[in-house]
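Visitor: I'd like to go over a predicted model; first the sequence, then the structure.
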Amino acid sequence: MSKKRRFLRSVGWFVAICIAFELGLRLFGYGSYTIFRPDPRLLWVPEPGNKLTVVNHQHININGEGFRYPVDLGPKQPGQYRVFTFGDSVTMGWGVDDEHHYSADLERALNGGGCHGTRFQVVSAGVNAYPNSLVDERVKAVLESNLQPDMVVLAYSFNTGMENLAHLQGAQRKKILRGVAFKSLARRSAIYDFLVEDLLRNMAYYRFRELMIQGTWDTAKQKADEPTEEFIANLQSAVDESRAYHVPIVLLLLASENQTTQLHPYQKAMIEFAQSNHLPLVNMFEAWRTQDHHPLFMDHVHPSAVGHQQIADALAQTIRTQPSEIAVCQSSATEKSVASR
């Protein structure tokens, strides 16, 4: 047999094995992970579709507007009160299904809270790997849209080493967008998902990302790359935008596993910012400080379904005390009373 024929036979066997491997892995959910498309303003946003989470392979539905919500939103209907939650992978619901991320839990809590005549929608606008600066930018994008939020929940992001991404321009920004497009293509492969996103995630994926972008998933171990003043300025910009649209905002301070004493400078800054601006703050660091963290987290930063439920309960308690929520419930009660006469 000639060298050429042997080479072609080897290539053929290799391709056949890869196809078999690809098809076999798809039976176990690989090749079905959430895809993120490039976005000129927000760098990456979830692509609509019914997919699976990277960890635990739980169902994740991204609606047509790019949010984790079971249906498309469209114009707000009479009697609806629309809450948007913004943040990183915690808010998007890393490793939990569509019924057990804190936004879904919060929607059930608010709709079961006795505010008759009002239908609450709690929409997760969280995006995996978003730093605080991109979280703030997505808040502004939603406020400027026709989606008419009645309240914004702005959660702390742990991706503190990536804050400069929102401010990249020119060739640097195009490079990030090309990278997002490449990963979007690669993630459609079950082999890629299995080898890179699963098998080698802890061994290589996170290590390489940490080398490229120092500080990723930082909590209290290192100083943030960007000054605290930059974080506060971005936060102030999102709050100013919400006030311009007359949309109340609730801040959500998240904590990581076993974080019981030391706060990251950004976490301290968020607490001080809330106090100085008289903004409601749900402080999960304090809520979890004396609890056993093992049932609350699935890894060093992402809450389990139990943790998500506790976040939702704390948010519901705070939201029910906000003037806009009280007003809409009182209005619904008055309308119901008038109608029954």
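Guide: Noted; the coordinates are in hand. Since the model is a prediction, treat every value here as computed from it, not as a measurement.
Visitor: Could you list the low-pLDDT ranges of the stretch 101-250 of the chain?
Guide: Applying pLDDT under 70 to the stretch 101-250 of the chain flags residues 201-225.
Visitor: now do 80
Guide: Residue ranges of the stretch 101-250 of the chain with pLDDT under 80: 114, 199-226.
Visitor: how about the helices of it, start to end?
Guide: Counting by DSSP state H, counting those that start in this stretch, the stretch 101-250 of the chain has helices at residues 102-111, 132-143, 170-186, 190-192, 206-212, 228-244.
Visitor: gap between the second one and the chain center?
Guide: Its chain's C-alpha centre and that of helix 132-143 lie 12 Å apart, by C-alpha atoms, centre = their mean, to the nearest Å.
Visitor: Now do it against helix 228-244, angle only.
Guide: Interaxial angle, helix 132-143 versus helix 228-244 (axes from the mean of the first three to the mean of the last three C-alpha atoms, to 10 degrees): 10 degrees.
Visitor: what does the third one give?
Guide: Interaxial angle, helix 170-186 versus helix 228-244 (the same axes, to 10 degrees): 80 degrees.
Visitor: Which elements pack onto helix 170-186?
Guide: Packing partners of helix 170-186 (3 or more C-beta pairs under 8 Å, 6 or more residues apart in numbering; DSSP states H and E): strand 36-39, strand 43-46. Just so you know, the C-beta spots here come from the backbone N, C-alpha and C atoms, and that holds for glycine as well.
Visitor: Averaged pLDDT, the first one. What do you get?
Guide: When the per-residue pLDDT values of strand 36-39 are averaged, the result is 95.
Visitor: chain center to it, what's the gap?
Guide: Centroid separation between strand 36-39 and its chain, computed with C-alpha atoms, centre = their mean, is 15 Å.
Visitor: May I have that strand as PDB, with CA atoms only?
Guide: What follows is strand 36-39, C-alpha atoms only, in PDB (Å, rounded to 0.1, in the frame of the first residue of the first chain):
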ATOM      1  CA  PHE A  36     -22.900  33.900  23.400                       C
ATOM      2  CA  ARG A  37     -22.900  36.100  20.300                       C
ATOM      3  CA  PRO A  38     -20.700  39.200  19.800                       C
ATOM      4  CA  ASP A  39     -22.400  42.500  20.600                       C
END
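Visitor: Mind listing what's buried along that strand?
Guide: Across strand 36-39, burial judged by 16 or more other C-beta atoms under 10 Å covers F36, P38, D39.
Visitor: which of the residues in stretch 161-173 are buried?
Guide: Those would be G161, M162, E163, L165, A166, for stretch 161-173 by 16+ other C-beta under 10 Å.
Visitor: Return the member of the residues you listed nearest to N283.
Guide: Set against N283, the nearest of the buried residues of stretch 161-173 by C-beta to C-beta is E163 (21.7 Å).
Visitor: Counting neighbours, what do you get for the closest residue to the closest one other than its chain neighbours?
Guide: Excluding its sequence neighbours, the residue lying closest to E163 (C-beta to C-beta, 6 or more residues apart in numbering) is E226, at 4.2 Å. E226 sits with 21 neighbouring residues when counted by other C-beta atoms under 10 Å.
Visitor: Having no further points to raise, I will conclude here.
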